[in-house]
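K.L.:
below is the sequence, then the predicted model.
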Amino acid sequence: MNLRHFFALGALALAPALGSAQATRLRVSFTLDTLPNGLTLIVHEDHSVPIVTTNVWFHVGSGDEKVGRTGFAHLFEHLMFMGSDNAPYPQFDRLLEAAGASNNGSTTEDRTNYYEFGPSSSLPLMLWLEADRMGWLLSTMDKPKVDLQRDVVKNERRERLENQPYGLVRDIVPPLMYPAGHPYSWNVGGSMADLSAASVEDVKDFFRRYYAPNNATIVVAGDVKVDEVRALVRQYFSDIPRGPAIERPAPAAFTVRDTSAILEDRVQLPRVYLNWHTAKSTDTDTPALQVAAYVLAGARTSRLTQALVYGGEVATAVQAYDDAKRLDGDFSIVATARPGKALDTLQTVIDQQLQRLAADGPTTRELDQARNAIEASFLRGVQTVSGKADQLNEYYYQTGNPDGFQNELDQLRAVTAADIQRVVRKYLQGPRVMISVVPQGKPELAATRKRVTQ
């Protein structure tokens, strides 16, 4: 599922039912092929505008790393732009820019993706560049390149975590939410110590294991013809050998207990983070959890937003979101206190609102607004070929079926008030990890460990 983090929609009001949208079945046409070396190719034709995107997913993320060797997935996202045999650095970027195209990449716990976007005439160049770095990168990998990108990644970590207000929470939450050794028990960016310890051979071994055609899927979407794309992909990728088979044993089951922590940081206002385990992306409870997040904090009229920010005036902001991943899911509520307010006050209000939602469920208006707003955001996200390409890749990785668009909408539209009550009771009334971030020297502003009930 990809319908998540919709608290950012703010005051979007879409209470009227999207009748015309619901009357049309959403289907994104595609062809699916697999090369002898295991590379999967998905092609979606859209001739409305002469543009094309290539979207490559390597099925490797921070969850595939080892304890003591974290941060490799993100480090490799950077190293993949450092040149290959036939496109030495910085030709990858320069050639694409000269063709009017752009590119980027990203890393999560479950996957690393790379994409290019530009005029349809640039497709052969895009595929040639992707093939060259998939098949002919290792011989160009040396210590200066690794050291350079290692420093870049470290600087990103300093900027986004260590020197960012509240940023260190991203290091604290994973080991509190998951037991040691679990694939999600460390930050996606890894630790400074692990990044420093990474050798060139460590990096090469990571590439050999995970950056192979049988662990990758390429989506080509836009103003293209299927047969021409197939021919180009065979031409450029067929000589790349298959990599080793990858086994991913299921993590051991674990139990969670109520946990609280206090982080004193260089911040002006206290902030509380409440985190629960929920369900993985393919679970049938995930749509209801996403709607529950919107009901709680997705709009100005949402329950926590009113109770904390506009009505109660004890918080400056509140967010709620369900982050559903391949192996597990996390539901988070994050609230920042107003000056002079302790986090105990915010915690009390949040607990009371969760109790109310579990007991009474959402109103019809709340439910309609949440479903309609999430649906509208989803449709905006897939109205471009780039949006469709990434969704095709995600659906294929999660379920084996690239065209999961209508199924996702059907699940969203089927969420009922009773479903919201059920998932709030099942997940958000259970054990949680609570982190209080307070100004340095003011631990008394932290939230208490005791759960507040009505």
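P.N.:
Received the coordinates, thanks.

K.L.:
residue 332 in helix, strand or coil?
P.N.:
Three-state call for residue 332 (DSSP: H, G, I helix; E, B strand; the rest coil): strand.

K.L.:
is it in a bridge, and if so with what?
P.N.:
Beta-bridge partners recorded for residue 332 (DSSP bridges): residue 275, residue 321.

K.L.:
distance check, it against residue 102.
P.N.:
Residue 332 sits 32 Å away from residue 102, going by Cβ to Cβ, to the nearest Å. For every residue, glycine as well, the C-beta is placed using N, CA and C.

K.L.:
do residue 385 as well
P.N.:
Between residue 385 and residue 102 the distance is 14 Å, computed by Cβ to Cβ.

K.L.:
which one's more surrounded, these two?
P.N.:
Between residue 385 and residue 102, residue 385 has the larger neighbour count (other Cβ atoms under 10 Å), namely 24 against 13.

K.L.:
and that one, what is it in contact with?
P.N.:
Neighbouring residues of residue 385 by Cβ atoms under 8 Å, 6 or more residues apart in numbering: 44, 46, 49, 51-53, 221-222.

K.L.:
so which bits of the helix or strand residue 209 falls within are buried?
P.N.:
Element membership of residue 209, judged by DSSP states H and E, is helix 200-210. Residues 202-203, 206-207, 210 are the ones in helix 200-210 that count as buried (16 or more other Cβ atoms under 10 Å).

K.L.:
report all helices and strands that that helix contacts.
P.N.:
Judged by 3 or more Cβ pairs under 8 Å, 6 or more residues apart in numbering; DSSP states H and E, the packing partners of helix 200-210 are helix 72-79, helix 143-157.

K.L.:
helices or strands up against the shortest one?
P.N.:
What that stands for is helix 72-79. For helix 72-79, the packing partners by 3+ Cβ pairs under 8 Å, 6+ apart come out as strand 102-107, strand 112-119, helix 143-157, helix 200-210.

K.L.:
swap the cut-off to 6 Å and go again
P.N.:
Using 3 or more Cβ pairs under 6 Å, 6 or more residues apart in numbering; DSSP states H and E, the elements in contact with helix 72-79 are strand 102-107, helix 143-157.

K.L.:
run through who's touching the helix holding residue 209.
P.N.:
Helix 200-210 is contacted by residues 60, 72, 138, 143, 146 when judged by Cβ atoms under 6 Å, 6 or more residues apart in numbering.

K.L.:
that one to strand 112-119, inter-axis angle?
P.N.:
Calculated by axes from the mean of the first three to the mean of the last three Cα atoms, to 10 degrees, helix 200-210 forms an angle of 70 degrees with strand 112-119.

K.L.:
for stretch 376-395, measure first residue to last.
P.N.:
Taking Cα to Cα, to the nearest Å, stretch 376-395 runs 19 Å from one end to the other.

K.L.:
coming back round to it: rebuild the helices and strands packed on helix 72-79 as CSV, extending it with mean pLDDT.
P.N.:
Shown next, in CSV, are the helices and strands packed on helix 72-79 (pLDDT from 0 to 100):
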stretch, mean pLDDT
strand 102-107, 97
helix 143-157, 95
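
K.L.:
ok so, going back, next SSE after the helix holding residue 209?
P.N.:
Note on helix 200-210: by DSSP H and E, the next helix or strand toward the C-terminus is strand 216-222.

K.L.:
quick check: buried residues in the following helix or strand past that following strand?
P.N.:
Using DSSP H and E, the helix or strand that follows strand 216-222 in sequence is helix 226-237. Across helix 226-237, burial judged by 16+ other Cβ under 10 Å covers 226, 229-230, 232-233, 236-237.

K.L.:
do the same with stretch 183-201
P.N.:
Applying a neighbour-count criterion of 16+ other Cβ under 10 Å, one finds 183-191, 194-195, 198 buried in stretch 183-201.

K.L.:
among these, which two are most distant?
P.N.:
Spatial extent of the buried residues of stretch 183-201 (Cβ to Cβ) is set by the pair 184 and 198 at 20.5 Å.

K.L.:
mind checking pLDDT for the nearest residue to residue 315 once chain neighbours are set aside?
P.N.:
With sequence-adjacent residues excluded and distances taken as Cβ to Cβ, 6 or more residues apart in numbering, residue 315 is closest to residue 308, at 3.8 Å. We have a pLDDT of 98 for residue 308.

K.L.:
ok, residue 308 touching residue 318?
P.N.:
Yes: in this structure, residue 308 is within contact of residue 318 by Cβ atoms under 6 Å, at 5.0 Å.

K.L.:
neighbour count: the two, which is higher?
P.N.:
Looking at residue 308 and residue 318 with other Cβ under 10 Å, you find the greater number of neighbours at residue 308, namely 27 against 24.

K.L.:
how close does the more buried one get to residue 432?
P.N.:
For residue 308, the distance to residue 432 equals 18 Å [Cβ to Cβ].

K.L.:
not counting its neighbours along the chain, what's nearest residue 215?
P.N.:
Residue 215 sits nearest to residue 59 (Cβ to Cβ, 6+ apart), 5.1 Å away.

K.L.:
burial count for that neighbour?
P.N.:
Residue 59: 19 neighbours (other Cβ under 10 Å).

K.L.:
I figured it was touching residue 214, is that so?
P.N.:
No: counting by Cβ under 6 Å, residue 59 sits too far from residue 214 to count as a contact (9.5 Å).

K.L.:
sorry, back to before: pLDDT on the helix holding residue 209, on average?
P.N.:
Here the average pLDDT along helix 200-210 is 94.

K.L.:
export it to CSV, keeping only CA atoms.
P.N.:
The C-alpha trace of helix 200-210 is given here as CSV (Å, rounded to 0.1, in the frame of the first residue of the first chain):
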residue,chain,number,x,y,z
VAL,A,200,36.1,-1.0,-0.4
GLU,A,201,35.8,-4.8,-0.4
ASP,A,202,32.8,-4.6,1.9
VAL,A,203,31.2,-2.2,-0.6
LYS,A,204,32.0,-4.5,-3.5
ASP,A,205,30.6,-7.5,-1.8
PHE,A,206,27.3,-5.7,-1.1
PHE,A,207,27.1,-4.8,-4.8
ARG,A,208,27.9,-8.3,-6.0
ARG,A,209,25.1,-9.7,-3.8
TYR,A,210,22.3,-7.2,-4.3
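
K.L.:
phi, psi of the spatially closest residue to residue 34 that is not a sequence neighbour?
P.N.:
Spatial nearest neighbour of residue 34, chain neighbours left out: residue 40 (5.3 Å); criterion: Cβ to Cβ, 6+ apart. Dihedral pair for residue 40: phi -100, psi 130, per degrees, to the nearest 10.

K.L.:
is it correct that residue 40 is in contact with residue 217?
P.N.:
Yes: counting by Cβ under 6 Å, residue 217 is a contact partner of residue 40 at 4.3 Å.
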